[in-house]
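In: Take this sequence and fold it.
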Amino acid sequence: MQWYALYTEPRHEKKVADRLLKLGVEVYCPLVTQIKQWSDRKKKVEVPLLPSYVFVKLEESNRDIVFQVSGVVRYLFWLGKPAIIRNEEIQHLKQWLLNTVVTSFEVKGIQVGDTYKIQTGPLAGKLGTVSKVEKKHLEIILEQLGFKIILNK
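Out: Numbering: from 1, shown residues only. Next up is the predicted model:
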């Protein structure tokens, strides 16, 4: 059995997770508690850490069962196949949420103009500016070195 990422309709993550559990599917929807401000009060609410995503663990042959649930849009794909999430990554996320108090967070994609720090390899630690973002690669300009790097997915 593998973990897969499901894309849901906006603000349907918890409903989808509950419905999948009723079908007998192992599901993980990472939630964090936030304080929301209304005009007359403040309230603690649980919101998804990853908006519009839940994780399911099932056999590849049973992947179609999730489409019996309303609110499921599609699987997250990587290189033309449903993305498989390693069990260690799910466990790491669960452990991190148990040991961390999250007061605010933001999930963003990489965009042109963003500053990007290279994490690994011979250029680790170097800062660059994202100049191009495409489906299969991104280009970063390293001004201090005077060249451009193309990262392929």
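
In: doesn't Q91 fall inside a helix?
Out: Yes - counting by DSSP: H, G, I helix; E, B strand; the rest coil, Q91 is part of a helix.

In: Surely D114 touches L127?
Out: No - D114 is beyond contact range of L127, at 10.7 Å (criterion: Cβ atoms under 8 Å). (Each C-beta comes from the backbone N, C-alpha and C, glycine too.)

In: per-residue confidence for T33?
Out: Predicted confidence (pLDDT) for T33: 83.

In: Report the contact partners of it.
Out: By Cβ atoms under 8 Å, 6 or more residues apart in numbering, the contact list for T33 reads K44, V45, E46, V47, V102.

In: The helix or strand in which the third one is found: which residues count as buried?
Out: Which is E46. Using DSSP states H and E, E46 maps to strand 42-48. Within strand 42-48, the residues that count as buried by 16 or more other Cβ atoms under 10 Å are P48.

In: ok, now stretch 131-148?
Out: L138, E139, I140, I141, L142.

In: Tell me the one of those nearest I150?
Out: I150 has its nearest neighbour among those in E139, at 5.2 Å by Cβ to Cβ.

In: what about that closest one, which helix or strand?
Out: Assigned by DSSP H and E, E139 belongs to strand 137-142.

In: partners of that strand in the sheet?
Out: strand 127-133 (antiparallel), strand 147-152 (antiparallel) (DSSP bridges).

In: How far does it sit from its chain's centre?
Out: 22 Å (Cα atoms, centre = their mean, to the nearest Å).

In: And the contacts of that strand?
Out: 110, 116, 118, 123, 126-133, 147-153.

In: PyMOL command for the buried members of those residues?
Out: Only the buried entries of the contacts of strand 137-142 go into this PyMOL selection, using 16+ other Cβ under 10 Å:
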select buried, resi 116+118+126+128+130+149
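
In: Look up the residues forming beta bridges with T33.
Out: E46.

In: Please report how far it lies from I85.
Out: 24 Å (Cβ to Cβ, to the nearest Å).

In: related to what we said a few turns ago, lowest average confidence across the strands paired with strand 137-142, which one?
Out: Mean pLDDT values for the strands paired with strand 137-142 show the minimum at strand 147-152, a mean of 72.

In: Which strands or helices does the helix or strand hosting Q95 pack on?
Out: Per DSSP H and E, Q95 falls inside helix 87-99. Judged by 3 or more Cβ pairs under 8 Å, 6 or more residues apart in numbering; DSSP states H and E, helix 87-99 is in contact with strand 2-8.
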